[in-house]
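K.L.:
Need coordinates for the following:
(chains A and B)
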Amino acid sequence: MIRGLRELIASSRTANISAPNSDVQAEAKEGEEEALGRVPQLVEQAKRGDRDAFAELYRLHHARIFRMARLHLGDLGDGAEDAVAETFLRAWVALPRYHDTGAPFVAWLFGIARHVVLDELARGRRVTPRGELPERTRGWTVDDRLTLAQAMERLPAEQRRVLELKYLAGMKNAEVASALGKSKGAINAMQWRALGTLRQILEER
Amino acid sequence: MNPRLEEDLERWEAGLASLAELEERHPGQDVHDLTELHRQLTALSREATPDPDRGWQRLSARLPEPEPDIILVGPSEPKRRQLLTRRRVAVLGLAAALTLTGGLATAGVLPDPAQDAVANVAGHLGLHFPHSAEVPDQTSHGKEVSNIARSTPEEGCEKGQAISEVASSFAQNHRNGDPESNPCDKAQAAGGHSHQGGPGSGSGVGPAGGSTHASGLEHRGSHGPPG
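P.N.:
Sure thing, here's the model as predicted:
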């Protein structure tokens, strides 16, 4: 499977990359940004039992939690979708005890999602990549994701959290810094250090 | 990874530096692989995901009804009431203990260590309670009065007066009457019922003795210390 990642990296060597493409640097759409700005208010309403507010929170965060679950569980069947549902179910029950510490709400959801994923893995879900799966030329396959997930598990916990929050939750470095109680500069450095370690782990496989 | 490379990668991510520039500044650092891994992971975060509305429809049916107790931030009402009751009992108990101890300490009847402890604590609070050294030994006081009654050569009003003086010696400072006045003189002046008048003046143990005795009692009753 690592072959897939290596191929992806190798193929990109041939491309003339002079600067990060604009879509990588582009932030979330304006509408989504606006909606995310309402999250603290929605959280307060949901804490009081407002289902509509919680539904809005679900819609805003579904994709991020889904990606995280899919990375670890693969996307065969409804595994990732079930994990998302379980994550939000636990969040609904735990929400009255939630205290806004200034960190993004998604970081709290990710903490729950991680427990859900670990529970799923403990149930014996398939997590071993199968090299014989048909490969495609671009994008991530199930095995790519599982390999990446396993490699990320070998990272120091703090580095793994930085990559999860940045690349799966789609948080900006300043938000990751807020969630982990560190400076933005520290997160920037940690991000690249984590990528360097991750690359080494993937190379070893 | 050296800090200089981390800074340059950060600038590259922000669009402030080109990859070629980074590769030139950091030869042999696999800058390309790092940036490519970053690109792949970013692409991972942009992959399509299922429609959230479908998932919400399934989930909303499973959500339990919120319980009012869970929503409360502070302790629930019965707990708060219970807490207040416990506090009230504790405060009342403390007040009762302080009152009792204070009363006993004022009377000076606590054991010496306890008396001193209470006097010290009260002193800090600006209250005056006597220390054990300041409290007269009242257990021997009764014996002293009894001895005087038995051994004094005085008779009649004078005997009563002598006994009275010893009995009320604790309250000397509180006497309101004239210390120089002699009740036996007054009694004599009033009717001559004094045993000092000699055998010819009466039975000797008649009304005058009773009067003196009563005077002693009255004196002790109004000014004398307990016991």
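
K.L.:
so what's residue A:66 up against?
P.N.:
The neighbours of residue A:66, taking C-beta atoms under 8 Å, 6 or more residues apart in numbering or on different chains as the test, are A:80, A:81, A:84, B:49, B:50. For glycine as for every other residue, the C-beta is placed from the backbone atoms N, C-alpha and C.

K.L.:
By neighbours, which of those wins?
P.N.:
In terms of neighbours by other C-beta atoms under 10 Å in any protein chain shown, those top out with residue A:84 at 30 neighbours.

K.L.:
Wait, that residue touches residue A:69, no?
P.N.:
Yes: here residue A:84 lies in contact with residue A:69, judged by C-beta atoms under 8 Å, at a distance of 5.8 Å.

K.L.:
what residues do these two have in common as contacts?
P.N.:
residue A:113.

K.L.:
Where does pLDDT dip in chain A?
P.N.:
A:1-31, A:75-77, A:124-139 (pLDDT under 70).

K.L.:
Do a quick rundown of the strands in chain A.
P.N.:
In chain A, no segments count as strands under DSSP state E.

K.L.:
ok so, going back, okay, the contacts of residue A:66 in CSV with distance to residue A:44 next?
P.N.:
Formatted as CSV, these follow (distance: C-beta to C-beta, whole Å):
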residue, distance to residue A:44
A:80, 29
A:81, 28
A:84, 23
B:49, 26
B:50, 28
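
K.L.:
Sort out which of the residues you listed are in helices and list them.
P.N.:
Here DSSP state H is the test, and these give A:80, A:81, A:84 as lying in helices.

K.L.:
tell me, which of those make contact with chain B?
P.N.:
A:81, A:84 (C-beta under 8 Å from any C-beta of the partner chain).

K.L.:
Residue B:65: which of the ones in helices among the contacts of residue A:66 is nearest?
P.N.:
Lowest distance from residue B:65 to the ones in helices among the contacts of residue A:66 (C-beta to C-beta) belongs to residue A:84, with 21.5 Å.

K.L.:
contacting residues around that closest one?
P.N.:
By C-beta under 8 Å, 6+ apart, the neighbours of residue A:84 are A:62, A:65, A:66, A:69, A:113, B:55.

K.L.:
what do you get if the cut-off is 7 Å, keeping everything else the same?
P.N.:
A:62, A:65, A:66, A:69, B:55 (C-beta atoms under 7 Å, 6 or more residues apart in numbering or on different chains).

K.L.:
can you check residue B:114 too?
P.N.:
Residue B:114 neighbours (C-beta under 7 Å, 6+ apart): none.

K.L.:
buried ones in the host helix or strand of it?
P.N.:
With secondary structure defined by DSSP states H and E, residue B:114 is part of helix B:112-124. For helix B:112-124, the buried set under the neighbour-count rule, 16 or more other C-beta atoms under 10 Å in any protein chain shown, comprises B:115, B:116, B:117, B:118, B:119, B:122.

K.L.:
Stretch B:17-28 too?
P.N.:
B:17, B:19, B:21, B:22, B:23, B:26.

K.L.:
Between the two ends of it, how far is it?
P.N.:
18 Å (C-alpha to C-alpha, to the nearest Å).

K.L.:
If you compare the directions of the longest helix along chain B and helix B:112-124, what angle comes out?
P.N.:
Longest helix in chain B, counting residues (DSSP H): helix B:77-107. Here helix B:77-107 runs at an angle of 110 degrees relative to helix B:112-124 (axes from the mean of the first three to the mean of the last three C-alpha atoms, to 10 degrees).
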